[in-house]
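Novice: coords please:
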Amino acid sequence: MTAPLSFRAATAGDVPILVALVTSAYRGETSRQGWTTEANILDGERIDPDVLLRDIERPRSRVIVAERDGRMLACVHVADEGGAGYLGMFSVQPELQGGGLGKQLMAEAERVVRDEWGLPVMRMTVIDLREELIAFYERRGYHRTGITKPFPYGDPRFGIPRRDDLRFEILEKPL
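Specialist: The predicted model follows:
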């Protein structure tokens, strides 16, 4: 029998493990084991350790860690941004993707934003070329808003683009 999944808030001591987890889910060869890879469109790091630490320490911001038997399997960042929840850094170990763990983590993130912070909506930004990822979020009740934001070209904290047509689209879900 598989041990239950548990959730907790990340601490400063988790930063190195979180950076490795997030990078493995999105960048490099390891990420190609899962379906969330960005390796074809971006190189470089996926998360800056200093930015991550600030996200862990600031008010109404939480990096939620999903663990089983004390092993970190997934994480997500939620924050209160102007009275709406923001979801980002959603990462599941590549070899575990597609097994339902992400759905459980997303439900926990939405619970925090809705029940603990009392916010009415969750938003996220997704690279609009990532149709399969957007479809995953749409199956979970998110919808495309049509609102786009430019990709931060020239800022290596967001990766090194392999193409020049990247932009973000805002997805939204009422809670």
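Novice: residues touching E57, list them.
Specialist: Listed by C-beta atoms under 8 Å, 6 or more residues apart in numbering, the contact set of E57 reads A12. Where C-beta positions appear, they are placed from N, C-alpha and C, glycine not excepted.
Novice: Report the buried residues of the lengthiest strand in the chain.
Specialist: Identified as the longest strand of the chain according to DSSP state E is strand 71-81. Buried residues in strand 71-81, counted by 16 or more other C-beta atoms under 10 Å: 72-80.
Novice: what about whichever helix or strand comes after that strand, average pLDDT?
Specialist: Where DSSP states H and E defines the elements, the next helix or strand beyond strand 71-81 is strand 84-92. The average pLDDT for strand 84-92 rounds to 95.
Novice: Does anything pack onto strand 84-92? Which helices or strands?
Specialist: On a contact count with 3 or more C-beta pairs under 8 Å, 6 or more residues apart in numbering; DSSP states H and E, strand 84-92 meets helix 15-26, strand 71-81, helix 101-111, strand 121-127.
Novice: what angle separates that strand from helix 101-111?
Specialist: 160 degrees (axes from the mean of the first three to the mean of the last three C-alpha atoms, to 10 degrees).
Novice: Next, the buried residues of strand 84-92.
Specialist: 85-92.
Novice: returning to what we had before: most neighbours per residue, which of the helices and strands packed on strand 84-92?
Specialist: Comparing the helices and strands packed on strand 84-92 by mean neighbour count (mean count of other C-beta atoms under 10 Å), strand 71-81 ranks first with a mean of 21.
Novice: For it, list the C-alpha coordinates in CSV.
Specialist: Output in CSV follows, covering the C-alpha atoms of strand 71-81 (Å, rounded to 0.1, in the frame of the first residue of the first chain):
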residue,chain,number,x,y,z
ARG,A,71,10.5,12.5,0.1
MET,A,72,9.6,15.7,-1.8
LEU,A,73,7.7,14.7,-5.0
ALA,A,74,6.1,18.0,-6.1
CYS,A,75,5.7,21.7,-5.3
VAL,A,76,3.6,24.7,-6.2
HIS,A,77,3.8,28.4,-5.3
VAL,A,78,0.7,30.3,-4.4
ALA,A,79,0.5,34.0,-3.5
ASP,A,80,-2.1,36.8,-3.0
GLU,A,81,-1.5,39.2,-5.9
